[in-house]
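*Asks:* I need the structure of the sequence given here:
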Amino acid sequence: MIAASPNHIRAFAAILVLTAATCLPNVAAAQSKPQLQLTTEILEQSYCAIGRDISLQLKLRLRYTNLSDQRLIVYNGHDLFFQTKIRTGEPRGTPASEVLLLNMRYFDEQLERIDARSPGRVFAKLAPGASFERELMTGVGVRDASAAPSDTTVRPGAHTLQLIVSTWYQSPKLAEKLRQQWQRDGFLWSQPLYSVPLELTIDKPSTTSPCR
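*Replies:* Here you go, the predicted model:
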């Protein structure tokens, strides 16, 4: 369930961090070692109708895996900002189109303790080779194959799906402070992550039920 937050400053700051990440070729690489890998899996793929428009609903499983040789500390709380990137493979010789959607799960009423002597329950501590999982929902509009190109909808056919996920919504200064403070527990990861691209086939169903 997504809750609207009155704390616009914190939400806007986190969105800026995530949006800025899309301008970099590989944000995770900027944090050099250690490395954290994000992969996605489609658990459910369904279609529903919003008026005369069709919406593709995806239930995804995200898996964070520690590929480094040391323990990582990764945020695993309820405030999650992410972008959904769907890239369409066009015929050879033509540029591929891309849809980029900003999403968020934010629960301002449920305060999380971030600044503490040691990582609290909203953080996962990953040993080398270990991973943890979380699930999320995202959606995108589906248009007819003959329709004009759009920045917010996709045509039926073969695509690739990639997520750009935030791992930190506080200030960089606090991240550096806690990284030093928690170094005995592991390395605090604070950079956004690009998921490994995932193949996605989108259909255009003839009939659908209304979206809930």
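*Asks:* can we go C-alpha only for contacts and neighbour counts from here?
*Replies:* Will do.
*Asks:* next secondary structure element downstream of the helix or strand containing Tyr47?
*Replies:* When secondary structure is defined using DSSP states H and E, the element that contains Tyr47 is strand 36-50. Elements were assigned by DSSP H and E; along the chain past strand 36-50, the next helix or strand is strand 53-66.
*Asks:* so what strands line up beside that next one?
*Replies:* In the sheet containing strand 53-66, its partner strands are strand 36-50 (antiparallel), strand 131-142 (antiparallel), by DSSP bridges.
*Asks:* turn those strands into a markdown table, including distance to Gly157, mean neighbour count and mean pLDDT.
*Replies:* As requested, these are exported to a markdown table (distance: least, CA to CA, whole Å; neighbours: other CA atoms under 10 Å; pLDDT from 0 to 100):
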| stretch | distance to Gly157 | mean neighbour count | mean pLDDT |
| --- | --- | --- | --- |
| strand 36-50 | 14 | 17 | 94 |
| strand 131-142 | 10 | 16 | 92 |
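*Asks:* make TSV out of those strands and add distance to Phe123.
*Replies:* Conversion of those to TSV gives the following (distance: least, CA to CA, whole Å):
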stretch	distance to Phe123
strand 36-50	14
strand 131-142	11
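*Asks:* confirm that Gln180 sits in a strand.
*Replies:* No: under DSSP: H, G, I helix; E, B strand; the rest coil, Gln180 falls outside any strand and is assigned helix.
*Asks:* any idea how far it lies from Tyr169?
*Replies:* When CA to CA, to the nearest Å is applied, the distance between Gln180 and Tyr169 equals 18 Å.
*Asks:* quick one: which of the two has more around it?
*Replies:* Looking at Gln180 and Tyr169 with other CA atoms under 10 Å, you find the greater number of neighbours at Tyr169, namely 23 against 13.
*Asks:* where does that one fall, helix, sheet strand or coil?
*Replies:* Under the three-state scheme (three-state DSSP), the conformation of Tyr169 reads as coil.
*Asks:* Phe132 against Arg61, yeah?
*Replies:* No: applying CA atoms under 8 Å as the test, Phe132 and Arg61 come out as separate, 10.3 Å apart.
*Asks:* return the residues in contact with the nearest residue to Leu188 once chain neighbours are set aside.
*Replies:* Nearest in space to Leu188, with sequence neighbours left out and distances taken as CA to CA, 6 or more residues apart in numbering, is Ile73 at 4.6 Å. By CA atoms under 8 Å, 6 or more residues apart in numbering, the residues touching Ile73 are 119, 123-126, 185-189.
*Asks:* go ahead and name everything in contact with stretch 184-199.
*Replies:* Counting by CA under 8 Å, 6+ apart, stretch 184-199 makes contact with 18, 21, 26-28, 31, 34, 36-41, 70-75, 118-119, 125, 158-168, 175, 178-179, 182, all of which sit outside it.
*Asks:* let's go with 7 Å and repeat that
*Replies:* Stretch 184-199 is touched from outside by 18, 21, 27-28, 38-40, 71-74, 159-168, 175, 179, with contacts defined as CA atoms under 7 Å, 6 or more residues apart in numbering.
*Asks:* send me the one helix or strand Lys173 maps to as CSV with only the CA atoms.
*Replies:* In this structure, Lys173 sits in helix 172-181 according to DSSP H and E. Taking C-alpha atoms only, helix 172-181 is exported to CSV below (Å, rounded to 0.1, in the frame of the first residue of the first chain):
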residue,chain,number,x,y,z
PRO,A,172,25.0,12.1,2.1
LYS,A,173,26.6,13.6,5.2
LEU,A,174,24.7,11.2,7.5
ALA,A,175,25.6,8.3,5.3
GLU,A,176,29.3,9.1,5.6
LYS,A,177,28.9,9.5,9.4
LEU,A,178,27.2,6.2,9.8
ARG,A,179,29.5,4.4,7.4
GLN,A,180,32.4,5.4,9.7
GLN,A,181,30.4,4.6,12.9
